[in-house]
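> sequence-free structure coming up:
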């Protein structure tokens with residue numbers, strides 16, 4: 001359960017093929033929950049950058065799979 005708004009009940013995670021825990025006694029593999037990388041915070045001079053309150057010249061977001 002991953003909610004963008006960051007509610008306490010949200011439990012974001014990253015799952016990537018090839019990262020799994022192997023259970024040989026039960027003959028199955030389970031994906032491993034990796035850290036959530038979507039909560040990146042950018043700092044400049046010890047201040048967090050807040051895109052909602054700063055002056056922006058250009059913002060680009062993309063994902064490269």
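Perfect, I can see it now. Bear in mind the structure is a predicted one, so any value in this text is a computation, not a measurement. Numbers count the residues shown, from 1 in each chain.
> For the residue in the chain sticking out farthest from the centre, which residues are in contact?
For the chain, the residue at maximal distance from the C-alpha centroid (Cα atoms, centre = their mean) is residue 25, at 31.7 Å. By Cβ atoms under 8 Å, 6 or more residues apart in numbering, the contact list for residue 25 is empty. Just so you know, the C-beta spots here come from the backbone N, C-alpha and C atoms, and that holds for glycine as well.
> So for it, what's the pLDDT?
pLDDT for residue 25: 82.
> tell me the phi and psi of it?
phi -60, psi -30 (degrees, to the nearest 10).
> now swap in residue 14 and tell me
Torsion angles, degrees, to the nearest 10, at residue 14: phi -120, psi 130.
> Is residue 41 in contact with residue 48, as I believe?
Yes: Residue 41 lies in contact with residue 48 (Cβ atoms under 8 Å); the separation is 5.4 Å.
> all strands for this protein, in order.
All strands of the chain, identified by DSSP state E, fall at 20-23, 28-31, 43-44, 47-48.
> quick one: strands adjacent to the third one?
Each strand paired with strand 43-44, and its direction, by DSSP bridges: strand 47-48 (antiparallel).
> Quick one: mean pLDDT for the strand it pairs with?
The pLDDT scores in strand 47-48 average 82.
> How far does that strand sit from its chain's centre?
19 Å (Cα atoms, centre = their mean, to the nearest Å).
> where in this structure is pLDDT low?
1-7, 51, 56 (pLDDT under 70).
> please redo it, this time with the cut-off set to 80
For the chain, applying pLDDT under 80 flags the ranges 1-13, 35-42, 49-65.
> and residue 14, how many neighbours?
Using other Cβ atoms under 10 Å, residue 14 is surrounded by 14 other residues.
> check contacts around the nearest residue to it once chain neighbours are set aside.
Setting aside the residues directly before and after it, residue 14 is nearest to residue 34 in space (Cβ to Cβ, 6 or more residues apart in numbering), at 4.4 Å. The neighbourhood of residue 34, defined by Cβ under 8 Å, 6+ apart, consists of 13, 14, 15, 16, 19.
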